[in-house]
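A.B. asks: return a 3D structure for these sequence lines:
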Amino acid sequence: MDGPSGGCPPAATAAPSRAKLPLGIVFSTALFCGEGAAAAVLCLSYGHSDDRFWLALTIFFVLCPSVLVQLTLIFVHRDLSRDRPLVLLMHLLQLGPIIRCVEALVVYCWSGKEEEPYVTITRKRRLRKGYEVEMEQEVGHSVRRLATHRNAFKRMAVIQAFLGSTPQLTLQLYISILEKYVPVARAVLMGICLVSVTYGALVCNILAIQVKYDDYKVQLRPLAFLCIVLWRSLEISTRVAVLVLFSTVFKHWIIPIALANLLVVFFLPWVQFWRSGTRLPDNIEKNFSRVGTVVVLCAFTLLYASINMFCWSAVQLKLADRDLIDKSQNWGRLAVYYVARLAENTALVILWYFFKTDVYENICTPLLVVQLLLGYCLAIYFMLLFFQYLHPCRQLFRHNVADFLHCVCCQRQTLGTPLRLEAPHEPGVRHSIV
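C.D. replies: The predicted structure is shown next:
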C-alpha cells in the first residue's frame with residue numbers, strides 16, 4: 001500500500017521488541033494510593049467535626065470505584081480461573097493495584113536478562129515522513145505480560161477518574177463553597193482528583209486512537225501530549241465548576257439535570273442497537289451467559305455515560321459491532337456535543353448569576369462567569385488544534401476539522417441555489433491534514 005503522500009513505502013523492518021519501563025502503571029498506582037490516603041485523612045477530619053453526611057459521601061466515592069477497579073483488574077488478568085490466593089486477598093483488601101504494580105516492575109526488571117522464545121510476531125504500520133512503514137516485532141513473554149498489565153491499568157485509570165475522582169472533586173468543591181473554607185487535606189484531595197481525571201481523559205484519547213487505528217503504531221509527541229492535557233483539564237474543571245455553582249443555588253434542580261445527562265447518553269447506544277436488529281456480541285467473555293454479557297455491557301455503557309457527562313469520551317459506542325466501538329471519525333457528533341455542552345454550561349452559569357445568594361458577595365461574579373465560559377471555549381480551541389495539527393494519525397483523515405468547517409460554511413452560503421458541486425473521487429488517495 002502506498003503511503004499517504006504517494007510513492008513507494010520503505011521496506012518492512014523486523015526487530016525483537018524490548019520491554020519499556022511501565023511508568024503509566026506506576027503513575028496510576030500512585031494516583032490510586034494518593035487519593036485513598038488523602039480521602040482517609042479528610043474522613044478523619046469529618047469524623048472529628050461530626051459531619052456524618054459529608055463523611056459518608058466521601059467514603060462512598062472512594063470505596064465504590066475502588067471495588068470496580070479490583071473487579072476490572074481481576075477480569076483482565078483472568079485470576080478467577082487460576083490459583084493465586086495472595087493476589088485475590090490483596091484485591092479483597094482493596095490493595096490490588098499495588099500488588100499488580102509490583103508484579104509489573106518485577107517482570108520489567110527480569111526482562112532481557114536471559115533469552116526467551118518469542119510468543120508471536122506483531123505487524124504494525126508507522127507513519128514516517130509521509131510514508132507508511134510496515135514493521136514486524138517479535139513479542140516475548142515479558143513484553144506480552146507487561147502489555148496485559150498496561151491494558152488493565154489503562155482501564156483502571158478511566159474507571160478511577162470518572163466513577164471516583166470526578167464525583168469526589170465535585171463533592172469537595174461543593175463543600176468548600178458552602179463552608180467558605182478549604183483545609184489543607186481537602187485541597188490536596190481535590191488536586192489529586194483533578195490530576196486523576198485529567199490523566200483518565202488522556203488515557204481515553206490514547207485508547208480511542210489505538211482502537212480506531214489498530215494497524216498503526218501510535219506515539220504521541222510532547223506537544224500533542226501538552227495540548228491534550230490543556231484541552232482536558234480546562235474542559236473538566238470548567239464543567240465541574242459550573243455544575244457546583246449551579247447546585248449551590250438550585251439544590252433540587254441539579255439532580256434531574258444530572259440524571260437527564262446520564263440517562264440520555266446511557267440509553268442512546270442501546271436504542272441504536274435495538275434499531276439495528278443485530279444480536280448481542282458473543283466475544284465479551286466465552287464463559288459469560290447472556291445475562292452476564294448484558295451486565296458487562298450495561299456497566300460499560302454506564303462508564304461511557306459518566307465520561308460524557310463531564311467531557312467528550314473520544315469514542316462512540318456501537319453495541320452491534322464486535323469491538324463495541326464505532327471506528328469512523330464522525331465530526332458531526334463531535335460538533336453537536338460541544339455546541340450542546342457549551343449552550344448548557346452558558347445557561348446554567350447565567351441562571352446561577354441571576355439567582356446567586358450572599359455566599360458569593362466577596363467574589364466578582366461577572367468576571368467568574370466570563371472566566372468559566374472563556375475557559376470552556378479555550379478547551380474547544382485546544383481540541384480543534386489537536387485534531388487539526390497534532391493528531392498522530394492526522395494523515396489518515398479523509399476530512400479534517402478545516403474541511404468540516406468549510407463544508408458547513410459552504411452549505412450556508414449555497415443554501416437555496418440549484419448548483420450542486422461534487423468533489424472529485426480518486427480511488428486509493430487519502431487526503432492529507434495539511
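
A.B. asks: at the geometric centre of this structure, which residue do we find?
C.D. replies: For the chain, the residue nearest the mean C-alpha position is Cys204 (2.8 Å; CA atoms, centre = their mean).

A.B. asks: isn't that one right up against Phe310?
C.D. replies: No: the pair Cys204 / Phe310 is not scored as a contact, 11.1 Å apart, by CB atoms under 8 Å. Any C-beta I mention is one placed from the backbone N, CA and C, and that applies to glycine too.

A.B. asks: identify the residues contacting Glu35.
C.D. replies: Val62, Gln160, Gly164, Ser165, Gln168, Leu189, Ile192, Cys193, Ser196 (CB atoms under 8 Å, 6 or more residues apart in numbering).

A.B. asks: so how far is Leu324 from it?
C.D. replies: Noted for Glu35: a distance of 28 Å to Leu324, by CB to CB, to the nearest Å.

A.B. asks: now swap in His77 and tell me
C.D. replies: For His77 relative to Leu324 (CB to CB), the value is 20 Å.

A.B. asks: same question for Ala258.
C.D. replies: Ala258 is 25 Å from Leu324, where distance means CB to CB.

A.B. asks: same check on Tyr353?
C.D. replies: Counting by CB to CB - Tyr353 and Leu324 are separated by 41 Å.

A.B. asks: neighbour count for the two, which is higher?
C.D. replies: Leu324 (19 against 15; other CB atoms under 10 Å).

A.B. asks: looks like the more buried one contacts Gln316 (just checking).
C.D. replies: No: under the criterion of CB under 8 Å, Leu324 makes no contact with Gln316, lying 10.1 Å away.

A.B. asks: output the below-cut-off pLDDT ranges for the stretch 51-200 of the chain.
C.D. replies: Applying pLDDT under 70 to the stretch 51-200 of the chain flags residues 80-81, 112-132, 135-139.

A.B. asks: oops, could you answer that again for the stretch 251-400 of the chain instead?
C.D. replies: Using pLDDT under 70, the flagged stretches of the stretch 251-400 of the chain are 281-289, 329, 358-359, 396-400.

A.B. asks: show me the helices in it, by range?
C.D. replies: 254-276, 290-310, 331-355, 365-385 (DSSP state H, counting those that start in this stretch).

A.B. asks: out of these, flag the one nearest Ala30.
C.D. replies: helix 290-310 (22.1 Å; CB to CB).

A.B. asks: who's in contact with that closest one?
C.D. replies: Residues contacting helix 290-310 (CB under 8 Å, 6+ apart): 68, 158-159, 162-163, 166, 197, 201, 204, 235-236, 239-240, 258, 261-263, 265-266, 269-270, 280-282, 284-285, 288, 313, 317, 319, 324, 337.

A.B. asks: in ChimeraX, select just the buried ones from these.
C.D. replies: Buried members of those, defined by 16 or more other CB atoms under 10 Å, are picked up in ChimeraX with:
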select :68,158,159,162,163,166,197,201,204,235,236,239,240,261,265,266,269,281,284,313,317,319,324
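
A.B. asks: next, count neighbours for Leu21.
C.D. replies: 12.

A.B. asks: touching, it and Cys109? I think so.
C.D. replies: No: using CB under 8 Å, Leu21 is not in contact with Cys109, being 9.9 Å away.

A.B. asks: contacts only, for the spatially closest residue to Gly164 that is not a sequence neighbour.
C.D. replies: Spatially, and ignoring its direct neighbours in sequence, Gly164 is nearest to Pro65 (3.0 Å; CB to CB, 6 or more residues apart in numbering). If you count contacts by CB under 8 Å, 6+ apart, Pro65 has them with Ile159, Gln160, Leu163, Gly164, Ser165.

A.B. asks: check which helix or strand covers the first one.
C.D. replies: In this assignment (DSSP states H and E), Ile159 forms part of helix 141-160.

A.B. asks: list the buried residues in the very next helix or strand once past that helix.
C.D. replies: Next along the chain after helix 141-160, taking DSSP H and E as the criterion, comes helix 166-179. Neighbour-count burial for helix 166-179 flags Thr166, Pro167, Gln168, Leu169, Thr170, Leu171, Gln172, Leu173, Tyr174, Ile175, Ser176, Ile177 (criterion: 16+ other CB under 10 Å).

A.B. asks: hmm, who's touching helix 166-179?
C.D. replies: 35, 39, 42, 54, 57-58, 61-62, 182, 186, 189-190, 193-194, 197, 236, 240-241, 243-245, 247-248, 306, 310, 359.

A.B. asks: okay, buried residues for whatever helix or strand comes next after that helix please.
C.D. replies: Next along the chain after helix 166-179, taking DSSP H and E as the criterion, comes helix 184-212. By neighbour count on 16+ other CB under 10 Å, the buried set for helix 184-212 is 185-186, 188-190, 192-209, 212.

A.B. asks: and helix 184-212, what does it pack against?
C.D. replies: Helix 184-212 sits against helix 23-48, helix 141-160, helix 166-179, helix 222-249, helix 290-310, strand 325-326, with contacts defined as 3 or more CB pairs under 8 Å, 6 or more residues apart in numbering; DSSP states H and E.

A.B. asks: including distance to Thr346, could those go into TSV?
C.D. replies: Shown next, in TSV, are the helices and strands packed on helix 184-212 (distance: least, CB to CB, whole Å):
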stretch	distance to Thr346
helix 23-48	31
helix 141-160	28
helix 166-179	19
helix 222-249	9
helix 290-310	17
strand 325-326	29
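
A.B. asks: of all these, which lies closest to Phe387?
C.D. replies: helix 222-249 (9.8 Å).

A.B. asks: what sits against Leu146?
C.D. replies: Leu146 touches Ala19, Lys20, Pro22, Ala104, Val107, Tyr108, Ser111, counting by CB under 8 Å, 6+ apart.

A.B. asks: how much space separates it from Leu31?
C.D. replies: Counting by CB to CB, the gap from Leu146 to Leu31 is 19 Å.
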